[in-house]
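K.L.:
Next input, structure requested:
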Amino acid sequence: MRRVAIYALTAPGLELGLRLGKSLQSLLASPLVGPERGLATPTAGLEPPGGLARNKIVLAPDEKNLTQSGLTQNNLDQDNFDQDNFDQDKAPQIEVYGPRRLAAAFPDFQPFNRLGEILTANFAQYEGHVVIGAIGLTVRLLAPLLRDKRSDPAVVGLGQDGRFAVSLLSGHLGGANELALRVALATGGQAVITTATDLGEQPALEVLARDQGLLAQNWPNLAPLARALAEGEAIALHDPHNFFRPALKPWPGSFRPFQAGDLQPGLWVDYREIAPAHCFVLRPPALAVGLGGHRGVGRDELEELLRETFKEENLSLLAIKALATIDRRAQEPGFQDLAAKLGRPMWAYRPEELAQIPTPNPSGLVRKNIGVDSVCEAAAILAAQRGPLLVPKHKSRRCTCAVALGAWTSSAWVPDMKRA
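P.N.:
Residues are numbered from 1 along each chain as shown. Take a look at the predicted model:
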């Protein structure tokens, strides 16, 4: 989370907000430590009543920064703080806002006349918002601003005594749960997280999918899965290539194999386009598309062949990881425009690299004109890290297309799930 706004309505709240702003610089730059990384309700300083403490997640902040801010130091495991990975130059941007009437008493904050006005102006400009004040007021002000859980920013409500940091909006994808954890770590308070899967120590599927670089479809089908997990039911999982299954290992009892004719909401993970309408669908960007073409071929012809190929072979366009071709074509407008439209990179290979790749459909004409036996098939295989050729060469009048299946690694390329 790179940009966070803190708002206060009272003098004690503004004093807390200014101190909190200093501490969040290091806290937001430090990773949460623990197997759940915020997916299960942690304890953060104060123990909740009634024995409700969950898996403890610790984050070791910059101790000097906390001390200077005057906020309470929690019982954190300082050995878990990775000093080597903390870059002060890349610290998140924190802005503190307070009532204009307090401008003479406090330095270094942005004054406002009305909280509702500044929240409205800032809502889409920051990834996270921390409102120090009454939850009821915050809810009323936020209500007309809400659009979609995939795009709304994180909002955390905080009492002016710093005791409770409430994850109020966009707890999972927006990151409010993790923001609440960090705020509570800074104030010595308790993060209040109410998302049902977290309380039941079950996975937040959309967060896990995002972290694994998977793109989601059929969003309305996520809610039934979350309810089932929260109620202790095992949900059906289709993941024949094990794109997502390794990330689900901490919850072995929460998933079962997908059965033919299964009509219960399920989780479908595949690069194949056809999927049951009642499933939450995740697409792994594992397909490398190799393209070839005559000099000057336009985007429309390239795109038409690509879409026809994917439709014929039952492949999802969301599963494309990258486009690839020979270097002399990669910078042509048609190839660049197609990559821009699809939001995928265009990778270029030299003729000597392509020549090293055996392909099933070598072309004498291509060898005569370019000096290699194959462009699209060889480029696809190279872009897939020499993975298997899934779809051999398809041709139109002026271009060719082939698809290879890449060796799946979630860290190789992570698209923006919110824009899928």
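K.L.:
which stretches of the stretch 1-150 of the chain form strands?
P.N.:
For the stretch 1-150 of the chain, the strands defined by DSSP state E, counting those that start in this stretch occupy 3-8, 93-99, 110-112, 128-132.
K.L.:
So which of these is the most surrounded?
P.N.:
strand 128-132 (a mean of 28; mean count of other CB atoms under 10 Å). Heads up, the C-betas are built off the backbone N, CA and C, glycines and all.
K.L.:
who touches Leu389 in this structure?
P.N.:
Neighbouring residues of Leu389 by CB atoms under 8 Å, 6 or more residues apart in numbering: 359-360, 377, 380-381, 402-404.
K.L.:
cutoff 7 Å now
P.N.:
360, 377, 380-381, 402, 404 (CB atoms under 7 Å, 6 or more residues apart in numbering).
K.L.:
could I get the strands of the stretch 1-150 of the chain as JSON lines with mean pLDDT?
P.N.:
Converted to JSON lines, those look like this (pLDDT from 0 to 100):
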{"stretch": "strand 3-8", "mean pLDDT": "95"}
{"stretch": "strand 93-99", "mean pLDDT": "94"}
{"stretch": "strand 110-112", "mean pLDDT": "94"}
{"stretch": "strand 128-132", "mean pLDDT": "96"}
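K.L.:
For Ser167, find the nearest of these.
P.N.:
strand 128-132 (10.7 Å; CB to CB).
K.L.:
Mind giving me the packing neighbours of the closest one?
P.N.:
In terms of contacts (3 or more CB pairs under 7 Å, 6 or more residues apart in numbering; DSSP states H and E), strand 128-132 is packed against strand 3-8, helix 11-27, strand 154-158.
K.L.:
Could you chop the chain up by domain?
P.N.:
Listed by automatic domain parsing, the domain ranges of the chain are 3-199, 205-283, 287-405.
K.L.:
First-to-last residue distance for the longest one?
P.N.:
Spelled out, it's domain 3-199. 28 Å (CA to CA, to the nearest Å).
K.L.:
Ok, the shortest one next?
P.N.:
Length of domain 205-283, first residue to last, CA to CA: 13 Å.
K.L.:
before we move on, the earlier item: show me which of the contacts of Leu389 is closest to Gly296.
P.N.:
In terms of CB to CB, no member of the contacts of Leu389 lies closer to Gly296 than Ala402, at 20.9 Å.
K.L.:
That closest one - that's part of a strand, no?
P.N.:
Yes: per DSSP: H, G, I helix; E, B strand; the rest coil, Ala402 lies within a strand segment.
K.L.:
Can you list phi and psi of Thr325 for me?
P.N.:
phi -160, psi -180 (degrees, to the nearest 10).
K.L.:
Relative to Pro224, how far out is the closest residue to it other than its chain neighbours?
P.N.:
Of all residues not flanking Thr325 in the chain, Leu291 sits nearest, at 4.7 Å (CB to CB, 6 or more residues apart in numbering). With distances taken as CB to CB, to the nearest Å, Leu291 is found 39 Å from Pro224.
K.L.:
What of Asp161?
P.N.:
As judged by CB to CB, Asp161 and Pro224 stand 39 Å apart.
K.L.:
So these two - more neighbours on which side?
P.N.:
Pro224 (16 against 12; other CB atoms under 10 Å).
K.L.:
Figure out which of the strands of the stretch 1-150 of the chain is closest to Leu305.
P.N.:
When those are compared for distance to Leu305 using CB to CB, the nearest one is strand 3-8, at 41.4 Å.
K.L.:
Report all helices and strands that the closest one contacts.
P.N.:
By 3+ CB pairs under 7 Å, 6+ apart, strand 3-8 packs against helix 11-27, strand 93-99, strand 128-132.
K.L.:
buried set for the first one?
P.N.:
For helix 11-27, burial by neighbour count (16 or more other CB atoms under 10 Å) applies to 13-27.
K.L.:
try stretch 183-201
P.N.:
So stretch 183-201, judged by 16+ other CB under 10 Å, has buried residues 183-193, 195, 197-198, 200-201.
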